[in-house]
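*Asks:* got a predicted structure plus its sequence, pasted below:
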Amino acid sequence: MNTSATVQSPDVRTTILATGQRIMAGKGYSAVGLNEILTAAGVPKGSFYHYFGSKDAFGEAMLERYFEDYLAELDRTLQQPGMTMAQRLMDYWRTWQESQSFYECQGKCLAVKLGAEVADLSEAMRLALRRGTEAIIDRLAVAIAGGVAEGSLHIDGAAGNVARTLYQLWLGASIMVKIERSTLPFATALASTRQILHLPLR
């Protein structure tokens with residue numbers, strides 16, 4: 001019996017979401033049809049509508065899953081032992097460079113890839129993006145405040161405002177990297193981040 005054409009895992013929903021995330025991170029949301037996702041996942045079309053009422057409902061669930069994984073990884077990065085908070089934050093930005101590039105990102109750059117596109121297509125997906133990005137900014141704000149308290153970094157203004165500025169800086173840099181097909185915008189963002197956090201330039 002050939003099992004490659006049909007997913008045998010009980011968690012079909014997760015399989016569909018993971019496959020869609022990987023494909024849409026490369027092609028975008030509108031350019032990918034459900035048949036492409038289901039064929040790649042080895043899932044019959046009827047299974048899709050068992051879990052998702054529409055493509056937009058799938059997109060919302062995919063974004064929620066993406067941010068759940070992203071935030072878990074961010075928490076691990078910001079809780080690394082034996083490092084100052086400044087070092088953890090800079091490690092986060094270096095990881096960003098590796099995953100949010102113009103190369104194949106295996107679904108890790110979903111917010112960058114889909115942000116502007118789906119925000120204009122679906123209110124539910126826009127709100128999922130907003131919730132996810134706000135959660136990231138909140139965690140960065142707590143980390144920045146922690147770095148100030150321990151003395152490993154210094155800021156001008158409130159930690160929440162600095163966190164938002166930095167996130168927007170890196171989001172913009174990620175888009176410019178794709179436009180320029182160069183990682184130079186990341187180098188500029190990294191230097192600006194060090195200046196904002198009053199860290200030595202390297």
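*Replies:* Here it is on my side, so go on.

*Asks:* every contact and neighbour count from this point should use C-alpha atoms.
*Replies:* OK.

*Asks:* mind checking what secondary structure Glu64 has?
*Replies:* helix (DSSP: H, G, I helix; E, B strand; the rest coil).

*Asks:* scan the protein for its longest helix.
*Replies:* helix 123-150 (DSSP state H).

*Asks:* can you give me the buried ones in that helix?
*Replies:* For helix 123-150, a neighbour-count test (16 or more other C-alpha atoms under 10 Å) marks 124-126, 128-129, 132-133, 136-141, 143-148 as buried.

*Asks:* what's the answer for stretch 12-27, then?
*Replies:* 12-13, 15-26.

*Asks:* residues in contact with stretch 60-67?
*Replies:* Here stretch 60-67 makes contact (C-alpha atoms under 8 Å, 6 or more residues apart in numbering) with 17-18, 20-21, 108, 110-111, 124-125, 128-129, 132.

*Asks:* nearest to Glu68 among those residues?
*Replies:* Nearest to Glu68 among the contacts of stretch 60-67 is Gly132, at 8.0 Å by C-alpha to C-alpha.

*Asks:* could you measure from the closest one over to Glu64?
*Replies:* Using C-alpha to C-alpha, to the nearest Å, Gly132 is found at 7 Å from Glu64.

*Asks:* quick revisit: between the contacts of stretch 60-67, which is nearest Gln168?
*Replies:* Ala111 (12.1 Å).

*Asks:* name the element that closest one belongs to?
*Replies:* helix 110-119 (DSSP states H and E).

*Asks:* run the angle between that helix and helix 123-150 for me.
*Replies:* 140 degrees (axes from the mean of the first three to the mean of the last three C-alpha atoms, to 10 degrees).

*Asks:* helix 110-119 packs against which elements?
*Replies:* helix 12-27, helix 55-78, helix 123-150, helix 159-180 (3 or more C-alpha pairs under 8 Å, 6 or more residues apart in numbering; DSSP states H and E).

*Asks:* turn those into CSV, including distance to Gly33.
*Replies:* Output for the helices and strands packed on helix 110-119, formatted as CSV (distance: least, C-alpha to C-alpha, whole Å):
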stretch, distance to Gly33
helix 12-27, 10
helix 55-78, 9
helix 123-150, 17
helix 159-180, 23
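
*Asks:* got a markdown table for these, with distance to Phe186 and mean pLDDT too?
*Replies:* What follows is the helices and strands packed on helix 110-119, written out as a markdown table (distance: least, C-alpha to C-alpha, whole Å; pLDDT from 0 to 100):
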| stretch | distance to Phe186 | mean pLDDT |
| --- | --- | --- |
| helix 12-27 | 19 | 90 |
| helix 55-78 | 19 | 94 |
| helix 123-150 | 18 | 96 |
| helix 159-180 | 6 | 93 |
